[in-house]
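In: What would the 3D arrangement of this be:
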Amino acid sequence: MDTTLFVLGGIGLIAIGCLIPMLVMYGRLRRQVVDERGVDVDTARREAQRILGRAEDEGRARAEAYREREEALLEHRKLEAAASEERLIQRERTLEQRASNLAQREQMLLHREAGVSELQGELDEFAESARANLERISALDARAAREELVEQVRDEARREAMLLVRDSEMRAREEADRRARRILATAIERLSTEVVMESTVSAVPLPGEEMKGRIIGREGRNIRAFESVTGVNLVVDETPEMVVVSCFDPVRREIARITLEKLIADGRIHPAAIEDMYAKAQAEVEQSARDAGEWALLDVGISRMHPELVTLLGRLRYRTSYGQNVLNHLVESAHIAGMLGAELGVDPVPIKRAAFLHDIGKAVSYQVEGAHALIGAEIARRFGEEAPVVHGIEAHHNDVEPRTLLAILVQAADTVSAARPGARRVELASHVRRLEKMEDLISEFDGVERVFAMQAGREVRVVVDPVSVTDLEASDLVRRISRRLERDLRYPGQIEVTVIRELRVTDYAR
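Out: Have a look, this model is predicted:
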């Protein structure tokens, strides 16, 4: 408000200062006009007005210029005041930050002071302990003092040696891990194998839809006989020109598939023909197993092996472990073990042989009790395999502690083959194990000849010896089997148990 009054007062003074010269000039002009004779009064008046107007314009312009200068000065002062205020605010912030830093430093100093006090206390305790040791040593003679010094030096040397050994072990372990990863990576990237997941069904094509009726037979006689002989489920549905053979056991499923294909090709489908074709299919699968074993030997590069071992290996073509074909797994493990041995600079031949045979026990594990590793080692020993190979077989699942490099490499090859992505499928394997356990439980009953778990475990067919089991005993047997399954198995829904007692008497008319 004071500044505004100051400006207005200044403008008024300027106006007054401008009017005074004009009035003086006007008086002079008037006297000049009066004194001069012969001058026109009107012309003089107009000239006077013109001069007066010009003076007024000049005064007004000067006043406007002065006002603008004052306003600019006022705006400049306002900007300086705002800048000064901002500087004050910044200084306040700086002071607050310095105060915060001082508080933090104070806390740090307090913490350090506490640490110094703690260290001082420890130093006092150490000094007291040293003083006590000096007092104790001062009471010793030279020999006792020497022994005390030697003991201290020995303890210090032992501690340093332990630290050195620990560091050396850590470095050696790290180097071993690094080299092991490199060797495994090299072996794996050199091997490329197919990944084929085994299924529990086989599709059999038909020449026409009328063949389904012949397979089923009158009142289902043929399909019942087929399922009873082969132990599989034969699914005949609306799928055109196709039936499905379903069974968790690959051997039974393959024999049933070949039997059905032979029946379709022959055209005669009845219970007697089913049994005849089933026997031929069994022989064909056995021969196929031997061929598969010989092919696997050639693939791995093993020149000679006992024929019985070759046959057992071929049977593994029809067995799976967690959905992985066991024979393919053995071939893959042998290749991996051989490459690992070559990378380590040892003879790969016995390593490949042990890896190729490490799961041989699975070929008979459903017939012989015990771990398949120990069973396989016994089989290999019986057929003349060397002791290092036998040890590699029995130790690959730590049933026996591995004592050789060969056994360790067999374990590594088995793990690499089984653990690679896509190699195994746990869900199928657990389902198959449940069905196998079901069949094993029922096989323990007296008089049971064959057991077939069908319909994904919802149905069990038990074939008994007609001589040792009578009709009344069959009724009691089916109840005991049902109670045993209820007690020892966990399963959803219910299981239909069927005991089949069939007596056949055959003679020939000559």
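
In: what mean pLDDT does stretch 400-408 have?
Out: Regarding stretch 400-408, the rounded mean pLDDT is 87.

In: ok, and what's touching that stretch?
Out: Residues from elsewhere that reach stretch 400-408 (C-beta atoms under 8 Å, 6 or more residues apart in numbering): 344, 346, 350-351, 354, 373-374, 377, 388-389, 391-392, 394-396, 411. (Each C-beta comes from the backbone N, C-alpha and C, glycine too.)

In: ok, now with 6 Å
Out: Contacting residues not belonging to stretch 400-408 are listed as 351, 354, 388, 391-392, 394-395 [C-beta atoms under 6 Å, 6 or more residues apart in numbering].

In: Can you tell me which of those residues is closest to Leu260?
Out: The closest of the contacts of stretch 400-408 to Leu260 turns out to be Ala354 (C-beta to C-beta; 39.4 Å).

In: Against Arg304, how distant is the closest one?
Out: As defined by C-beta to C-beta, to the nearest Å, Ala354 lies at a distance of 15 Å from Arg304.

In: Name the single longest helix found in the protein.
Out: helix 41-138 (DSSP state H).

In: now that helix, how far from the centre of its chain.
Out: Its chain's C-alpha centre and that of helix 41-138 lie 59 Å apart, by C-alpha atoms, centre = their mean, to the nearest Å.

In: same for that helix, what does it pack against?
Out: Applying 3 or more C-beta pairs under 6 Å, 6 or more residues apart in numbering; DSSP states H and E, one finds that helix 41-138 contacts helix 2-35.

In: Give me the average confidence score over the helix it packs on.
Out: 63.

In: Next: stretch 106-121.
Out: For stretch 106-121, the per-residue pLDDT averages 86.

In: List the buried residues for it?
Out: Counting neighbours by 16 or more other C-beta atoms under 10 Å, one finds that stretch 106-121 has no buried residues.

In: again, but for stretch 291-302
Out: Buried-residue list, stretch 291-302, by 16+ other C-beta under 10 Å: 292-294, 296-297, 300, 302.

In: how would you label Arg461: helix, strand or coil?
Out: Following DSSP: H, G, I helix; E, B strand; the rest coil, the label given to Arg461 is strand.

In: now swap in the one 5 residues further on and tell me
Out: Look at Pro466: counting by three-state DSSP, its state is coil.

In: quick one, phi/psi of the spatially closest residue to it that is not a sequence neighbour?
Out: Closest residue in space to Pro466, ignoring its immediate chain neighbours: Leu503 at 4.0 Å, by C-beta to C-beta, 6 or more residues apart in numbering. Note on Leu503: its backbone torsions stand at phi -110, psi 120 [degrees, to the nearest 10].

In: same question, the one 4 residues further on
Out: The main-chain torsion angles of Asp507 are listed as degrees, to the nearest 10 and equal phi -140, psi 160.

In: That one: neighbour count?
Out: 5 (other C-beta atoms under 10 Å).

In: contacting residues for it?
Out: Asp507 sits next to no residue when contact means C-beta under 6 Å, 6+ apart.

In: thinking again about what came up before, so between Ala354 and Arg304, which is more surrounded?
Out: For Ala354 versus Arg304, neighbours defined as other C-beta under 10 Å are more numerous around Ala354 (30 against 6).

In: Ramachandran coordinates for that one?
Out: Per degrees, to the nearest 10, the backbone of Ala354 is at phi -70, psi -40.

In: Show the contacting residues for Val150.
Out: Taking C-beta under 6 Å, 6+ apart, one finds nothing in contact with Val150.

In: Can we start the residue count at 18 from this point?
Out: Shifting the count to begin at 18 puts that one at Val167.

In: if we can go back for a sec, keep only those of the buried residues of stretch 308-319 that are in helices.
Out: Checked against DSSP H, these include these in helices: 309-311, 313-314, 317.

In: between the residues you listed, which is nearest Arg399?
Out: Gly310 (16.9 Å).
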